[in-house]
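S.K.: Here is the input, now give the coordinates:
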Amino acid sequence: MEAYIFVAVVVVFAFIIGGMSIRIIRPYEKGLVERLGRYQRTLDSGLNLIMPFFDTVMKVDMREIVLDVPPQMVITKDNVNVEVDCIVYCQITDPVRAKYEISNYILASSKLAQTNLRNVIGEMELDQSLSSRDVINAQLRDVLDTATDKWGVKVNRVEIQRIDPPVDITEAMSRQMKAERDKRAAILEAEGQRQAAITVAEGSKRSAILEAEGQAEAVIKKADAEKYRQIAVAEGQAKAILDVFSAIHEGKPNEELITLKYLEMLPKLAEGDANKLFLPYEASGIISSLAAMVEGIKSGPGKARGTAPTPQA
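M.R.: Residues are numbered from 1 along each chain as shown. Purely as a prediction, here's the structure:
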């Protein structure tokens, strides 16, 4: 009976010792083993064995955490009080230093973010701080990451949630924004009117140019038509003269008849723009006959026929 009791006690003690020797670490955790108060090793995720009664295990969460920095009043470079708060995203990279280098890295990171937020925004004017959130975020992240590196903590990013100026400053900014928008609207309206006037002027100018070009082209075409008409008339007259001379040489008509024909043609030849008249060589005889006829008419009938007067008895 005593043997059974002893075996049962040993089995129970073995279960207790086995339970104390086993530690299960989750995937997002690291285990720090201390043996008799001294750091021994780091446990990874999974099933791990330790020495009971001598080893203690402290689990460290390696996931990224979010630190909500409390709102605080910050004075800008142009002496304006603004209320600012931000969010810090950080993560433990070295569990040993995060556990032994600082007692509470969350509180320390939050206070450090508040202090550096005052420094960064205090070097900026209000307008610059409102429009440069990315710059503020980057500067804060660099400063915090450098400061928390010795704690085994990495600051991944910093986000400014809000920057609230006083009510009177906000109203003044609203009026300024409205005035600026009215100014832009007036400028755009004036620019539109100017562009419209320029477009109208350009259209009028183009229309006048096209009209002048059309008139000039019409005048040129009219002059060309008149020129071609005169050329055609001259060619027709020249052809008629050539036909007359051909008839003269072929048929040999009476010189008086030819002279009369030339007289009929002279007024028509004089209708042109030319101030000189060229007659063929054969017309010289006709002109001589015409002169003789005129002389005969002036001298009398007998002289015109070329008969001498009869002597008296």
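S.K.: going forward, measure contacts between C-alpha atoms and count neighbours the same way
M.R.: OK.
S.K.: what are the ranges of the helices in the stretch 101-250 of the chain?
M.R.: Ranges of helices in the stretch 101-250 of the chain, per DSSP state H, counting those that start in this stretch, are 105-122, 126-131, 133-148, 167-251.
S.K.: Could you export those helices to TSV, including columns for mean neighbour count?
M.R.: Output for the helices of the stretch 101-250 of the chain, formatted as TSV (neighbours: other Cα atoms under 10 Å):
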stretch	mean neighbour count
helix 105-122	18
helix 126-131	15
helix 133-148	18
helix 167-251	12
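S.K.: Please identify which of these is closest to D55.
M.R.: Nearest to D55, of all those, is helix 105-122, at 24.6 Å by Cα to Cα.
S.K.: tell me the angle of that closest one relative to helix 133-148?
M.R.: The directions of helix 105-122 and helix 133-148 differ by 140 degrees, with axes from the mean of the first three to the mean of the last three Cα atoms, to 10 degrees as the criterion.
S.K.: chain center to helix 105-122: distance?
M.R.: Centroid separation for helix 105-122 versus its chain: 43 Å, with Cα atoms, centre = their mean, to the nearest Å.
S.K.: Now tell me what touches it from outside.
M.R.: The contact list for helix 105-122, computed with Cα atoms under 8 Å, 6 or more residues apart in numbering, reads 67-70, 72, 74-77, 88, 98, 129, 136, 139-140, 143-144, 148, 151, 153.
S.K.: Just the CA trace of that helix, in CSV.
M.R.: Provided in CSV are the C-alpha atoms of helix 105-122 (Å, rounded to 0.1, in the frame of the first residue of the first chain):
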residue,chain,number,x,y,z
TYR,A,105,8.9,52.0,-23.3
ILE,A,106,5.3,52.9,-24.1
LEU,A,107,5.1,55.8,-21.7
ALA,A,108,8.6,56.9,-22.6
SER,A,109,7.8,56.9,-26.3
SER,A,110,4.6,58.9,-25.7
LYS,A,111,6.4,61.5,-23.6
LEU,A,112,9.2,61.7,-26.1
ALA,A,113,6.7,62.3,-28.9
GLN,A,114,5.1,65.1,-27.0
THR,A,115,8.4,66.9,-26.4
ASN,A,116,9.7,66.6,-29.9
LEU,A,117,6.3,67.7,-31.3
ARG,A,118,6.7,71.0,-29.4
ASN,A,119,10.1,71.4,-30.8
VAL,A,120,9.2,70.7,-34.4
ILE,A,121,6.1,72.8,-34.6
GLY,A,122,7.7,75.6,-32.5
